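Colleague: any chance you could fold what I've pasted below:
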Amino acid sequence: MGRIALGLSYDGRGWQGWQTQPGGRTLQDVLESALRRFLATPAVATVCAGRTDAGVHALQQVVHLDTGAVRRDESWVRGLNALLPDTLAVQWARAVPDDFHARFDARARTYFYVLRSAPVRSPILHGRTGWVHDRLDDGAMRAAAALLVGEHDFSAFRSSECQAASPVRTLQALEIHRGGDFLVFEFRANAFLHHMVRNLMGVLVMVGRGRRPPEWAAELLRERDRRRAAPTFMPDGLYLAHADYPDADLPQRTAREALRHHLGMLDAAPIRLAWGSP
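Modeller: Okay, the predicted model is just below:
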């Protein structure tokens, strides 16, 4: 048996999230079905870097599986993509050491939330970006974001269904970039709790609307009460962009390169991201 890592991208619309469910309408279910056909085997188990929710997209999801089959890297990509739906595609395949683990070896994960702030919603961007009709205060949101960075108990930002043993996480970066009507929120952490990014987005948007001061973010961290925070924000604009494996040689783009590559259609919308070269 050998271990294979796959890099995936997918459009999360219409799926019940990543993790397998009895109904079979999850990305893991469809991928494992394609793998069984491709490998002509009755059972295949995959492990992913981050289990995304229903409606959440991925630019670079990483999974691993064990198999005795020997295939060229390009054969994995072409063979599996011929069996997968249009909204899910393998971007690369790579043989990895037997002790590589897609979840536990990831030292950090980066998510982007792409949000459009405009008076009228866009049906073209529906499901691919979040939307608010208000003009948001970038400065207030950045002030709130600064209070959230660091190692904290994020109990106020975790779902009631979260199964993590501890609510303590290290949010390494939370940056906000504007380009015209678009805002891109960049979240990087060692790991995320269930709904953590969407719950953080709910608070940042409420601050941006002027309904709460930036200091509210610090209050929520101290109070550790999910009921006092903002509602969970819509999943539409959320993208898993990168999982960091410093000890593995994987053909990944940086998180920002991945966003530029996969969301080029938004650049013509236009979106002009405020950062420089990755």
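Colleague: who's in contact with residue 57?
Modeller: 9, 10, 11, 12, 13, 128, 238, 239, 240 (CB atoms under 8 Å, 6 or more residues apart in numbering). All C-beta atoms are positioned from the backbone trio N, CA, C, and that covers glycine.
Colleague: using CSV, list the CA coordinates for stretch 89-108.
Modeller: Extracted in CSV, the C-alpha atoms of stretch 89-108 (Å, rounded to 0.1, in the frame of the first residue of the first chain):
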residue,chain,number,x,y,z
ALA,A,89,-12.1,18.6,-10.0
VAL,A,90,-8.7,17.1,-9.1
GLN,A,91,-6.0,19.7,-9.7
TRP,A,92,-3.0,17.5,-9.0
ALA,A,93,-1.9,14.2,-7.5
ARG,A,94,1.3,13.3,-5.8
ALA,A,95,2.7,10.2,-4.0
VAL,A,96,3.6,11.1,-0.4
PRO,A,97,5.3,9.3,2.5
ASP,A,98,3.1,6.7,4.3
ASP,A,99,3.1,9.0,7.4
PHE,A,100,1.7,12.0,5.6
HIS,A,101,-1.6,13.1,7.0
ALA,A,102,-3.8,15.7,5.2
ARG,A,103,-5.4,16.9,8.5
PHE,A,104,-2.8,16.5,11.2
ASP,A,105,0.2,17.6,9.2
ALA,A,106,-1.4,20.9,8.2
ARG,A,107,0.3,23.6,10.3
ALA,A,108,-2.1,26.3,9.2
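Colleague: residues contacting that stretch, please?
Modeller: Contacts of stretch 89-108 (CB under 8 Å, 6+ apart): 1-10, 47-50, 60, 62-64, 71, 73-74, 76-77, 80-81, 84, 172, 188-191, 243-251.
Colleague: one more time with 6 Å
Modeller: 3-9, 47-49, 62-64, 73, 76-77, 80-81, 188, 190, 243-246, 248, 250-251 (CB atoms under 6 Å, 6 or more residues apart in numbering).
Colleague: now, which of those residues lie within helices?
Modeller: 73, 76, 77, 80, 81 (DSSP state H).
Colleague: give me the buried entries from those residues.
Modeller: 76, 77, 80 (16 or more other CB atoms under 10 Å).
Colleague: tell me the one of the contacts of residue 57 nearest residue 154?
Modeller: Nearest to residue 154 out of the contacts of residue 57 is residue 238 (CB to CB; 16.6 Å).
Colleague: relative to residue 52, how far out is that closest one?
Modeller: Here residue 238 is placed at a distance of 8 Å from residue 52 (CB to CB, to the nearest Å).
Colleague: higher neighbour count, the two?
Modeller: Neighbours were counted for residue 238 and for residue 52 using other CB atoms under 10 Å; residue 238 has more, 27 against 24.
Colleague: how about the more buried one, nearest residue that isn't a chain neighbour?
Modeller: residue 56 (4.7 Å; CB to CB, 6 or more residues apart in numbering).
Colleague: so who does the one you found touch?
Modeller: So residue 56 contacts 12, 235, 238 (CB under 6 Å, 6+ apart).
Colleague: redo that, cut-off 7 Å
Modeller: Shown in contact with residue 56 (CB atoms under 7 Å, 6 or more residues apart in numbering): 12, 235, 238, 240.
Colleague: backbone dihedrals for the residue nearest to residue 64 when sequence neighbours are not counted, please?
Modeller: Nearest residue to residue 64 in three dimensions, chain neighbours excluded: residue 102, at 4.4 Å (CB to CB, 6+ apart). Residue 102 adopts backbone torsions of phi -60, psi -30, taken as degrees, to the nearest 10.
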